[in-house]
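>>> what's the 3D shape of this:
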Amino acid sequence: MSLNLQTHTEHFTNPLYLDSGRILEPYDITYETYGELNEDKSNVVVICHALTGSHHCAGTYEDENKAGWWDGLIGPAKAIDTDKFFVICTNVLGSCFGSTGPMSNRHPYHEEYRYKFPVVTIKDMVKAQRILFDRLDIHRVHAIVGGSMGGMQALQFAVHYPNFSNKIISMAATHATQPWAIAFNKVAQEAILKDPDFKQGYYDADIIKEQGLSGMAVGRMAGHISFLSHESMNRKFGREYKRDDGLYELFGKFQVESYLEYNGYNFTKWFDPLTYLYITKAINIFDISRGFDSLQEAMKKVQSELHLISFRNDLLFRNFEMKEIHNVLDSIGNKNHTYVDIDSDYGHDAFLVELDKFEDYVKDILNG
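As a prediction, the model looks like this:
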């Protein structure tokens, strides 16, 4: 069977009322679908992406050699089987891959929003997705799956749209972003804002795509440190030195330094800096219990079968943050959830890299 990858953009003219009290109109949502929708629309699986991800979670476009970010998990005969399920992944509001964000045109002014774009929350992102699904005449789905910021969206669906999904899998996430993660985002934010080429948000996007933005590269290097762990860095790089650099050259590099430089600078050519500021803001203010008296009260809303997956050595969202949600669900007598801590020392990015450690679990949940 084929993956049947299709990309679409929907345009909405009704106002979207945001958490902040502001209104976004009009707006676009770009999304990708895989597989075939069955007759009674009961085979829909929604995928939610992380900070720098996009709607392109599987397969390859004609002009690229790198597959979508969860390609090992989604496709014919894979854990999320596109021969069986109709998979939808939307690009979140505020992103730079087709959905409306800070560099989109601000109607009716024929200029980009830039700082006039409103702060959006994870809840806003999920609300916009829900409106998209209504337009597609999909009112209940089989499952929602996401990791990191995608896992936050999955939890938000569980609490705010309790009857929308039969099953929800949230991995490598948290119920509220903790100071450690906010601190890494602060380094990135400062590095971007202080780069003269950022021009206080009024940079030329084409020049950035061509030359990159060194401040953002530095911020991204800090991010990369939080995505890995001591163990994965040791395994990946050890104390290896670049072959053609001398140990006593001041700017001679260890392999780990090369890796951070390469990934940091490369990143700035395909991800927009204002988008980075807006989405890290959404992550920083994420708190599933906002608007409720407690996490307990929020979790009482959950009706879906909820599956929580943490990774033992995740330094960004620690495994005990996920376990806390599990403990709260236990304390309120929720029997319809599971929690598993994956034995991994890779770090936060394990949810993207070590698929073999949880793909069977995901498969069993979706088919169970």
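>>> ok, and the closest non-adjacent residue to E190?
For E190, the nearest residue in space outside its immediate sequence neighbours is G219; the separation is 7.6 Å by CB to CB, 6 or more residues apart in numbering. In short, each C-beta sits where N, CA and C put it, glycine included.
>>> My guess is that neighbour contacts A191. True?
Yes - taking CB atoms under 8 Å as the contact criterion, G219 and A191 are neighbours in contact, 3.9 Å apart.
>>> For the spatially most central residue of the chain, grab phi and psi.
Within the chain, one residue has its C-alpha closest to the average C-alpha position: by CA atoms, centre = their mean, that is A50, at 0.9 Å. The phi/psi pair for A50 (degrees, to the nearest 10) reads phi -90, psi -170.
>>> How much space separates the closest residue to it other than its chain neighbours from D137?
In space, and not counting its chain neighbours, A50 is closest to S148: 3.9 Å by CB to CB, 6+ apart. In this view, S148 and D137 are 30 Å apart by CB to CB, to the nearest Å.
>>> For those two, indicate the residue with more neighbours.
Using other CB atoms under 10 Å as the criterion, S148 and D137 rank with S148 on top: 27 against 8.
>>> Can you get me a residue count around N14?
Around N14 sit 9 other residues, with neighbours defined as other CB under 10 Å.
>>> any idea of the pLDDT on L37?
Listed pLDDT for L37 reads 97.
>>> That one contacts Q6, doesn't it?
No - the pair L37 and Q6 fails to qualify as a contact (CB under 8 Å) at a distance of 11.1 Å.
>>> More neighbours: which of the two?
The residue with the greater number of neighbours, taking L37 and Q6 and applying other CB under 10 Å, is L37; the counts read 16 against 11.
>>> related to what we said a few turns ago, where's the residue nearest to the centre of the chain relative to H139, distance?
Computed with CB to CB, the distance linking A50 and H139 is 26 Å.
>>> what stretches of this protein score poorly on pLDDT?
Residues of the chain that meet the criterion pLDDT under 70 lie in 1.
>>> Helix, strand, or coil at the residue of the chain positioned farthest from its centre?
Taking CA atoms, centre = their mean, the residue of the chain most remote from its mean C-alpha position is Y248, at 40.7 Å. Y248 carries the three-state label coil when classified by DSSP: H, G, I helix; E, B strand; the rest coil.
>>> Contacts only, for F97.
For F97, the contacting residues are T30, S54, H55, H56, N91, by CB atoms under 8 Å, 6 or more residues apart in numbering.
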